[in-house]
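1. whatever this is, show me its structure:
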Amino acid sequence: MVDRRTLNFATEADAIAEIERLRSGYVKTANWSLNQIAFHTGFPISFPMQSPATMSATPEQKQMQSFLENVVANGWPPSRLDSPPPMRPPDEPNPSVVDDLVSNLKKLAAYQEKYIDAGVFGPLETSKYRRFHLIHIAHHLGFLQPKTDRRTLRYADEIELAADLNRLRHGYTRAGTWSLPQICWHLAKATEYSMRPGPFPEMTPEQIAARPKLDRILSGENLPSGLTAPEFLAPPADCTEGEIDRLMTAMYAAKAFPGPFAPHRLFGTLTTDEARKLRLAHCAHHLSHLIPTHSES
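-> Numbering: from 1, shown residues only. Got it, this is the predicted structure:
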């Protein structure tokens, strides 16, 4: 089995951030390099982006649209697909193909028309076309492991978390896809959501079976990597610095919250102490992907 990361890009900016991170160094877990992936995934979006001349699709285009719709709904297929000849990268593409991919992703993000001439796919809704390419790029970049190391991080309490956030405010480098405001948005929203009112459902068999994993996390083991956040917890690209303060407000509100907390989607019902330890572990998991560039003064 090939070791592939699970990546999920909400926007072109997310994909570009990951591409820039990989430029700093990576390890291949499959055959293609970053340049080859950029050549392959960039080819379909290298053509002029324009409105369709007609909204009628040919039978061949309808067949391709069916494939695209399936990818958008279910993700990239697990089975290996043969690339069309124009998309098969040479052994050593010019490194400029990475710049070209970034440039074309920016053009795609800026395209404002509802429909786009999608070449072999025919006339398509732009939102579906964008989503398809983000899934395609995420699939291939998942086979590259960044060399940038995460921090080993554990917070004993909210004071330690606040101190680390203040260090990160002054600058950081990424070992992950999300920025500091995006991470804080996600953590704050998850913390706020845990304090929603009941009634709550009983624990599922899957949650009961996950209790040993929870016990290991509460004892110091890292949260598992590769989990995809639910759609409502995926941060937007334009989060602001205000999300840092929002996170600390939510963390202190949760510390004072009398309970009961809403069941965790993976681990079910938690005691107040378990919920607090898991919140801090969740914060450490995400913030470990940011490396401060300034030490404490």
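2. now the helix or strand encompassing I291: mean pLDDT?
-> Under the criterion of DSSP states H and E, I291 resides in strand 290-292. Strand 290-292 shows a mean pLDDT of 89.
3. which strands and helices lie in contact with that strand?
-> For strand 290-292, the packing partners by 3 or more Cβ pairs under 8 Å, 6 or more residues apart in numbering; DSSP states H and E come out as helix 158-169, strand 172-174. All C-beta spots, glycine's among them, are computed from the backbone N, C-alpha and C.
4. out of those, nearest to Q50?
-> Distance to Q50, taken as Cβ to Cβ, is lowest for strand 172-174 among the helices and strands packed on strand 290-292, at 34.0 Å.
5. and the next helix or strand after the closest one, what's buried?
-> Going down the chain from strand 172-174, the next helix or strand is helix 180-194, by DSSP H and E. For helix 180-194, the buried set under the neighbour-count rule, 16 or more other Cβ atoms under 10 Å, comprises 180-191, 194.
6. point out where the stretch 1-150 of the chain drops to low pLDDT.
-> Counting by pLDDT under 70, the stretch 1-150 of the chain contains low-confidence ranges at 1-3, 148.
7. ranges for the helices of it?
-> For the stretch 1-150 of the chain, the helices defined by DSSP state H, counting those that start in this stretch cover 12-23, 34-42, 59-74, 96-110, 126-141.
8. highest mean neighbour count out of these?
-> Sort these by mean neighbour count, taking mean count of other Cβ atoms under 10 Å, and helix 34-42 sits at the top with a mean of 23.
9. which residues are contacting that one?
-> 19, 22-23, 26, 32, 83, 87-95, 97-98, 100-101, 104, 133, 136-137, 140-141, 143-144 (Cβ atoms under 8 Å, 6 or more residues apart in numbering).
10. and the angle for it with helix 96-110?
-> Here the directions of helix 34-42 and helix 96-110 differ by 40 degrees (axes from the mean of the first three to the mean of the last three Cα atoms, to 10 degrees).
11. H282 is nearest to which of the helices of the stretch 1-150 of the chain?
-> H282 lies closest, by Cβ to Cβ, to one member of those: helix 12-23, at 20.0 Å.
12. just want the angle from that closest one to helix 126-141.
-> Using the same axes, to 10 degrees: helix 12-23 against helix 126-141 is 20 degrees.
13. if we can go back for a sec, can you redo the helices and strands packed on strand 290-292 as a markdown table with distance to A209?
-> Shown next, in a markdown table, are the helices and strands packed on strand 290-292 (distance: least, Cβ to Cβ, whole Å):
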| stretch | distance to A209 |
| --- | --- |
| helix 158-169 | 30 |
| strand 172-174 | 34 |
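14. now the ones you listed in a markdown table, with distance to A110 and mean pLDDT?
-> As requested, these are exported to a markdown table (distance: least, Cβ to Cβ, whole Å; pLDDT from 0 to 100):
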| stretch | distance to A110 | mean pLDDT |
| --- | --- | --- |
| helix 158-169 | 30 | 95 |
| strand 172-174 | 23 | 83 |
